[in-house]
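Chemist: any chance you could fold what I've pasted below:
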Amino acid sequence: MNSFLFIIPRTPIQFRTELREKLWNLTVQSLLNQSYNNWKALIIDDFNLIDGKLIYINSPAIKKGEKLQAALRIIENWENKPDYIIRFDDDDIISQ
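Modeler: This is a model prediction of the structure:
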């Protein structure tokens, strides 16, 4: 079974709005509702937390490209790398 990793650079906290937070909640829910179970999400944010399939990593990066580079450096050190990496925004929604 192929493994998938979603890389999600979060909008910096100082730029988040109420609408952005609602969209983020829809993004997370759309991932959690997936019928395919062999996936994880690496979320580049401002804190560290592992919440089931959601792995939050603290990064001081502000720009999206810097956050993506930070995620790739983390993945580079993993022993079990995913088969596929999917770049996702914090306002994207995926259907089942």
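
Chemist: next structured bit after the longest helix along the chain?
Modeler: Longest helix in the chain by number of residues (criterion: DSSP state H): helix 18-32. Once helix 18-32 ends, the next helix or strand along the chain (criterion: DSSP states H and E) is strand 39-45.

Chemist: what sits up against that following strand?
Modeler: Residues from elsewhere that reach strand 39-45 (CB atoms under 8 Å, 6 or more residues apart in numbering): 3-10, 31, 53-59, 61, 67-68, 70-71, 74-75, 82, 88, 90. (C-beta placed from N, C-alpha, C; glycine too.)

Chemist: give the buried residues for the longest helix of the chain.
Modeler: 23, 24, 27, 28, 31 (16 or more other CB atoms under 10 Å).

Chemist: among the contacts of strand 39-45, name the buried ones.
Modeler: 5-10, 31, 53-57, 59, 61, 67-68, 70-71, 82, 88, 90.

Chemist: A helix includes residue 80, no?
Modeler: No - Residue 80 is assigned coil when assessed by DSSP: H, G, I helix; E, B strand; the rest coil, not a helix.

Chemist: which one is it nearest to, not counting chain neighbours?
Modeler: Among residues not flanking residue 80 along the chain, residue 3 sits closest, at 7.9 Å (CB to CB, 6 or more residues apart in numbering).

Chemist: quick one: low-confidence ranges for the protein?
Modeler: Within the chain, the stretches with pLDDT under 70 are 96.

Chemist: again, only using 90
Modeler: Residues of the chain that meet the criterion pLDDT under 90 lie in 61-62, 95-96.

Chemist: returning to that earlier point: OK, contacts around the residue nearest to residue 80?
Modeler: So residue 3 contacts 38, 39, 40, 80, 82, 83, 84 (CB under 8 Å, 6+ apart).

Chemist: 6 Å - rerun?
Modeler: 38, 82, 83 (CB atoms under 6 Å, 6 or more residues apart in numbering).
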